[in-house]
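Visitor: model this:
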Amino acid sequence: MNSVNPMNVMKLLEEDYKQLFQLDGQPSEADKQLKELVKEFMDVKINRSGSSSLALEEDLQYELQTDMQTFDEFEKLVANQLAEPDENPSQEDKVEPLSSGTEPSSNEFHVPRIPNPKQPPRNAVTLDYKKRSVAFWRNVATKKRRSLSCVQTKFKKVTSIRQLQEWERHVAEGGSRYDKLKALRLETGKQFFLAKQKPHIVKDMDIRRWAVTANRTIGLVGFTASPDSVGKLKRYYGIVHRKITKFVTDKYIQEAPQVKKTGEECVALVRSRISDYGLDCMWNTDQPGFDYEMRPVRTLHLAGANHALAICQSENSMTHSYTVMMTISPGTRKFLPQLWITLQKGKGVFGPIVARTMFKADNLYVTASASGKMTKKLYLEWGEKILFSHVEDRCILLADSWRTYSDQEAVLEFKPEELEYEMITIPPKVTGDIQPLDRLFVRMYKDFFRKISSFIILHSLPLQVHHRDVILKMHSLVYQQFQSPRFGDLVNQAWHLCGYTDESFDYVNPTEFAFPKKLTGHCDHENCDDRLLLKCGWCKAPLCFHHFYDQYHVCKIYLP
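Guide: The predicted structure follows:
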């Protein structure tokens, strides 16, 4: 960049404003303040050859991490994040600055960012550096100022005597406006960091209070902790409003390190078993609950509406649930052949007529209980009929800390003598982190199932989604879809995310594949003009509801 002549700049500014404004006596305080701001900015541009170091706040966002021990570590992380240059800056980044998204307030100096917005200032000068430079230049010992060349030998960022004089004024005032804004940001950020380590609820008003309190010591004239300044600080640290997902006590916080340790020990144990025996013997099981009528919790609606109503077929079915026992493995076989389902039945058993007439499928094993939940008796039946009858040689079962699982002596009564069996219990409070089914799989399965239910209701199809046979038939079809080799890496990635395996997998999301954003064309069946429901995860054929559900499309023809 060419050198800047401030006189030329002032002349150009005069040409721009002389038609709009006239001199009106003595400059006001507002005029003087604006002059200081403009002068400081121009000095930076002159001395730093166009560096973008005065961008007071970067409009960058990234994941905020407050699990560090000290605020210094946290601030260092933020600084490093801001210092990382864009890998592929867009053409717009190269030709014009990005807007911060907010207008500058009247009491703050807003400097437009200049490309590259993530490039760290090469010549950024701290207040301490200014103090040492000025002290060396003043040379108190001999009371004779050192020459510019002498000062530049030791302090490479010094460019002129005028700059040293400006720094001297900054030192006397406790720092430049930029220094004070930075000090305010650091102190306010520190208070936020300490509050979130508790973790307390923090609002914008709390940030404003911290900033105003800090300014009593820092002394930045005209600072009022405006909404604009709060917004800039939030963008700098990546602070956003989040829904509170869980309220915890001090006891929970105190126990967190021990809980984390038990989780790490469980992961280490599983990894050792994988190292000793391989992946094929590893299985993870869980019993998620399914509402009889599963509906999305969000919908498109007109802006400004006070209420968003949605139709359901039965309110009662949305408050009652049944249990599905899922089991997955990171080995060659990803699934057991049958999916266990426990429906709710008043007496805990199906009557003879229901047992004879209800929907049956080879890939389902259907039972009943009074509550719709697994019982110890059903768990033992699951072990005998589903698990032990479909594994060979060795089985290591990873399961959560459900109390029924703890009675392993009862389970061993049903175990074949030739089978080596071990159960590893996931410690309480870490199930969501280190259970593969919870970490990735169940959520996608439910989403897939929910989309089909919503399709039935939206298009007023003559089916009751909470009816026993409809539920069983849909589970049979969805379970078959998830067993497609196309989605095998989904299971592998679930185990990887929990820390049990080292290799990461680029998996295909079954829901995104089956319900793509551009589901166009006609049903794969000849002369069928019905609206499409999904794309088969096996044969990739686009199918309408009739040819998927009514015709029971249990596909086993895999097309990569």
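Visitor: which other helices and strands contact the helix or strand hosting Lys234?
Guide: Per DSSP states H and E, Lys234 falls inside helix 227-237. Counting contacts by 3 or more Cβ pairs under 8 Å, 6 or more residues apart in numbering; DSSP states H and E, helix 227-237 is packed against helix 71-83, helix 177-196, helix 204-218. Every C-beta, even on glycine, is put in place using the N, C-alpha and C of the backbone.
Visitor: What mean pLDDT does the last one get?
Guide: For helix 204-218, the per-residue pLDDT values average out at 94.
Visitor: which residues are contacting that helix?
Guide: 174, 180, 183-184, 187-188, 191-192, 195, 223-225, 227, 229-230, 233-234 (Cβ atoms under 8 Å, 6 or more residues apart in numbering).
Visitor: Give me the buried subset of those residues.
Guide: Among the contacts of helix 204-218, the ones that count as buried by 16 or more other Cβ atoms under 10 Å are 180, 183-184, 187-188, 191-192, 195, 223-225, 229-230, 233-234.
Visitor: ok, so of the residues you listed, who is nearest Pro427?
Guide: Ala195 (29.1 Å; Cβ to Cβ).
Visitor: The closest one touches Gly189, doesn't it?
Guide: No. The pair Ala195 / Gly189 is not scored as a contact, 10.7 Å apart, by Cβ atoms under 8 Å.
Visitor: Mind pulling the model confidence for the residue nearest to Ser476 when sequence neighbours are not counted?
Guide: Counting by Cβ to Cβ, 6 or more residues apart in numbering, the nearest residue to Ser476 once its immediate chain neighbours are dropped is Ala361, at 3.9 Å. At Ala361, the pLDDT value in this model is 98.
Visitor: for Glu57, same thing?
Guide: pLDDT, read off for Glu57, is 34.
Visitor: go on, the one 10 residues further on?
Guide: At Asp67, the pLDDT value in this model is 59.
Visitor: go on, Thr126?
Guide: 82.
Visitor: give the contact list for Val221.
Guide: Listed by Cβ under 8 Å, 6+ apart, the contact set of Val221 reads Gln33.
Visitor: And what about it, helix, strand or coil?
Guide: Under the three-state scheme (DSSP: H, G, I helix; E, B strand; the rest coil), Val221 adopts coil.
Visitor: can you tell me how far it sits from Tyr277?
Guide: According to Cβ to Cβ, to the nearest Å, Val221 and Tyr277 sit 70 Å apart.
Visitor: tell me the secondary structure for the most far-flung residue of the chain relative to its centre?
Guide: Going by Cα atoms, centre = their mean, the residue of the chain most distant from its centre is Thr142, 60.1 Å out. Put simply, Thr142 is coil when judged by three-state DSSP.
Visitor: next one: the one 3 residues further on
Guide: Reducing the assignment to helix, strand or coil with three-state DSSP, the entry for Arg145 is coil.
Visitor: Show the contacting residues for it.
Guide: When contacts are counted by Cβ under 8 Å, 6+ apart, Arg145 touches Trp137, Arg138, Asn139.
Visitor: For the nearest residue to the last one once chain neighbours are set aside, which residues are in contact?
Guide: Distances taken as Cβ to Cβ, 6+ apart put Arg146 closest to Asn139, at 5.2 Å, once the chain neighbours are dropped. Residues in contact with Arg146, defined by Cβ under 8 Å, 6+ apart, are Phe136, Trp137, Asn139.
Visitor: what comes into contact with the longest strand along the chain?
Guide: Counting by DSSP state E, the longest strand found in the chain is strand 321-328. With contacts defined as Cβ under 8 Å, 6+ apart, strand 321-328 is touched by 283-292, 334-336, 339-344, 372-374, 382, 386-387, 436-437, 441-442, 445, 471, 475, 491, 494.
Visitor: The nearest residue to Leu186 once chain neighbours are set aside - how many residues pack around it?
Guide: Leaving aside its chain neighbours, Leu186 sits nearest to Glu75 (6.7 Å; criterion: Cβ to Cβ, 6+ apart). The tally of other residues near Glu75 (other Cβ atoms under 10 Å) stands at 17.
Visitor: so where's the protein uncertain?
Guide: For the chain, the stretches with pLDDT under 70 are 1-3, 40, 43-69, 78-124.
Visitor: Now do the strands in it.
Guide: For the chain, strands defined by DSSP E occupy the ranges 282-286, 289-291, 321-328, 339-344, 364-369, 394-399, 420-425, 532-535, 542-544.
Visitor: who wins for proximity to Leu519 among the ones you listed?
Guide: Using Cβ to Cβ, the strands of the chain put strand 532-535 closest to Leu519, at 5.3 Å.
Visitor: which residues sit against that closest one?
Guide: 451-452, 455, 513-516, 519-523, 541-545, 548-549.
Visitor: how far does it sit from the chain's center?
Guide: Counting by Cα atoms, centre = their mean, to the nearest Å, strand 532-535 is centred 29 Å from the centre of its parent chain.
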